[in-house]
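Student: Structure for this input, please:
(chains A and B)
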Amino acid sequence: LSANTAASDEILIGRIAQGDRLAMQVLFARHHVRVYRFVLRFVRNEAAAEDLISEVFLDVWRQADRFEGRSAVSTWLLAIARFKALSSLRRKPDEELDEETAATIEDASDTPEISLQKKDKSEVLRSCLEQLSREHREVIDLVYYHEKSVEEVAEIVGIPEATVKTRMFYARKKLSELLKAAGMDRGWP
Amino acid sequence: MTSNHKLSPGDLEELLPWHAAGTLDSDEAAEVERAIAADPELARRFALVREELTETILLNESLGAPSARAMETLFRAIDQDRKVVRRVASPSLGTRVAQFFSPRMLAWSASAAAVIVLLQAGVITRLVMEEHEGAAPPVQMIATDMPTYETAAAPIVSRGLEVDSYALVRFAPQASIGDINKFLDDHDAAIVDGPKAGGVYRVRVAHGSLSRQQLARTVKELEADKSIVSFAAPSE
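Tutor: This next block holds a predicted model:
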């Protein structure tokens, strides 16, 4: 299924490069929700995320003829989206809470300890996933949700493949620490 | 990522997240699978990875979808681009010839793109219609206290007291349509909606309402065949 989608994505990009508006609509319909969720995890603002996905796909419209097919279209989209999201955060630095502040705010309203008492295990796990740093959230989302391989994550994030593996390991380690602090000792690492 | 060398224990552990997501190549996936089968501690750690994967998917799915505004903004900008291109184009012979053929070319491209979409839809429709003819349409679960997840766009149709049980399922990338078809048959299941963002399908796993424990057990059974299913969770 994925291989078919990847192949037809490339066909669509070829048609978009020729100015085919319908091909653009098909590509947008296929990928916009995933791209939206990816940038939303960066900017944490729905309106800003919607603006960003418009910009991402407009770039695709304008640069489709430069796409060389060395990576999957979905990987290319996420790389553009990441660049746009980070640029947006740089333009408006006050809109991104630093991780410690964000964690403090979340803790104040619903600490993991309290969560454990009133919610089930999966909700605590999700709460701890939310508390990871942006870098750690990003790598976990790319691997688990966006189904990106080590090579693809390296391409999107712009880091060596070995660093991707290390970062994923430390993201998971941090997650375990947060869970332990919330009373859920997983016995790892 | 193809490697002819045996992976070290550290390498194997690092690859568990990609193995759970089904994004390793077949050689590495086979090696990790063998290691998990031989090492109970590695198997336990793999179970932790699968928990993380499940919750990451559910967390992302809970983020909802953008409004139509994003698409409107995009296509307004695209139409603006097209107008600008038309204005700056010089009326040379080549341009006039191109303009002569342009509508036909565009119509052809549009038709071809539409064919792709229809073909993809056809595969899934055939899968559902041929193999599960007569299957009931999705209906809402009633009177259950199990925690469930519903994708934002999934249609919910209530028809009196008729209830079925559903799961969200993501099929493994290497699974063919034939594999999926057989898998659904074996489990007396049917795709009723999808794919949603994240490649997730809504699958009817039983006629009638299952208890929380029964549905959890059924979902676990679906997940057991990792060559076909990379993710499954209870759904409404």
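Student: quick one: least confident helix or strand in chain A?
Tutor: Among the helices and strands of chain A, helix A:99-110 carries the lowest confidence by mean pLDDT, DSSP states H and E, at a mean of 45.
Student: can you list the weak-confidence ranges in the chain?
Tutor: I'll assume chain A. Filtered on pLDDT under 70, chain A yields the residue ranges A:1-3, A:93-119.
Student: not quite, I wanted chain B
Tutor: Along chain B, segments meeting pLDDT under 70 span B:1-5, B:85-162, B:197-198.
Student: At which residues are the helices of the chain located?
Tutor: No chain was given, so I picked chain A. Secondary structure of chain A, counting by DSSP state H: helices at A:2-17, A:21-43, A:46-63, A:73-91, A:99-110, A:112-118, A:121-130, A:134-140, A:150-157, A:161-181.
Student: um, chain B though
Tutor: For chain B, helices defined by DSSP H occupy the ranges B:9-21, B:26-38, B:40-61, B:68-88, B:93-131, B:177-186, B:212-224.
Student: what sits against residue 168?
Tutor: Picked chain A for this. A:139-140, A:143, A:153, B:14, B:17 (CB atoms under 8 Å, 6 or more residues apart in numbering or on different chains). (Each C-beta comes from the backbone N, C-alpha and C, glycine too.)
Student: That was the other one, I meant chain B.
Tutor: B:61, B:149, B:151, B:196, B:200-203, B:231-235.
Student: Same question for A:Glu152.
Tutor: By CB under 8 Å, 6+ apart, the contact list for A:Glu152 reads A:71-72, A:75, A:142.
Student: Just give me the closest of those residues to chain B.
Tutor: Comparing the contacts of A:Glu152 against chain B with CB to the nearest CB places A:Leu142 closest, at 9.7 Å.
Student: I figured the closest one hits A:Lys148, correct?
Tutor: Yes - here A:Leu142 reaches A:Lys148: they are 4.6 Å apart, a contact under CB atoms under 8 Å.
Student: and the closest residue to B:Glu223 other than its chain neighbours, how many neighbours?
Tutor: Closest residue in space to B:Glu223, ignoring its immediate chain neighbours: B:Ala232 at 4.7 Å, by CB to CB, 6 or more residues apart in numbering or on different chains. B:Ala232: 23 surrounding residues under other CB atoms under 10 Å in any protein chain shown.
Student: one step back: list the ones among the contacts of B:Leu168 that fall in strands.
Tutor: Counted as lying in strands by DSSP state E, out of those, are B:196, B:200-203, B:231-235.
Student: sorry, back to before: need the overlap of contacts for A:Leu142 and A:Lys148.
Tutor: When contacts are counted by CB under 8 Å, 6+ apart, A:Leu142 and A:Lys148 have A:78, A:156 as shared neighbours.
Student: does any bit of stretch A:22-35 sit next to chain B?
Tutor: Yes - for stretch A:22-35, a contact with chain B is found by CB under 8 Å from any CB of the partner chain, at A:22-26, A:28, A:32-34.
Student: Got a quick PyMOL command for the buried subset of these?
Tutor: Buried subset of the residues of stretch A:22-35 next to chain B, written as a PyMOL selection, criterion 16 or more other CB atoms under 10 Å in any protein chain shown:
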select buried, chain A and resi 22+23+24+25+26+28+32+33+34
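Student: mind putting the residues of stretch A:22-35 next to chain B in TSV, distance to B:Pro173 included?
Tutor: Output for the residues of stretch A:22-35 next to chain B, formatted as TSV (distance: CB to CB, whole Å):
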residue	distance to B:Pro173
A:Leu22	27
A:Ala23	24
A:Met24	26
A:Gln25	26
A:Val26	21
A:Phe28	23
A:His32	21
A:Val33	19
A:Arg34	15
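Student: so who does the nearest residue to A:Leu40 once chain neighbours are set aside touch?
Tutor: Using CB to CB, 6+ apart and skipping the chain neighbours, the partner closest in space to A:Leu40 is A:Ala49 (4.1 Å). Residues in contact with A:Ala49 (CB under 8 Å, 6+ apart) are A:36, A:39-40, A:43, B:66.
Student: any idea which of the residues you listed has the most stuff around it?
Tutor: If you rank the contacts of A:Ala49 by neighbour count (other CB under 10 Å), A:Val39 sits at the top with 26 neighbours.
Student: Quick check: that residue touching A:Ile53?
Tutor: Yes - using CB under 8 Å, A:Val39 is in contact with A:Ile53, at 6.5 Å.
Student: Please enumerate the shared neighbours of those two.
Tutor: Both A:Val39 and A:Ile53 are in contact with A:Ala81, where contact means CB under 8 Å, 6+ apart.
Student: so what's the nearest residue to A:Phe67 once chain neighbours are set aside up against?
Tutor: Distances taken as CB to CB, 6+ apart place A:Ile13 nearest to A:Phe67, at 5.0 Å, with adjacent residues excluded. Going by CB under 8 Å, 6+ apart, A:Ile13 touches A:23, A:27, A:60, A:64, A:67, A:69, A:73.
Student: Mark which of those are buried, thanks.
Tutor: Neighbour-count burial (16+ other CB under 10 Å) applied to the contacts of A:Ile13 gives A:23, A:27, A:60, A:64, A:67, A:73.
Student: Just give the closest residue to the second one, not the sequence neighbours.
Tutor: Counting by CB to CB, 6+ apart, A:Leu27 lies nearest to A:Leu12, which is 4.7 Å off, once chain neighbours are set aside.
Student: Run a quick neighbour tally on the one you found.
Tutor: 28.
Student: So it versus B:Phe75, what's the distance?
Tutor: Note on A:Leu12: its distance to B:Phe75, by CB to CB, to the nearest Å, is 15 Å.
Student: do the same with A:Leu86
Tutor: 25 Å.
Student: Of the two, give the one with the bigger neighbour count.
Tutor: Ranked by neighbour count (other CB under 10 Å), A:Leu86 and B:Phe75 place B:Phe75 first, with 18 against 15.
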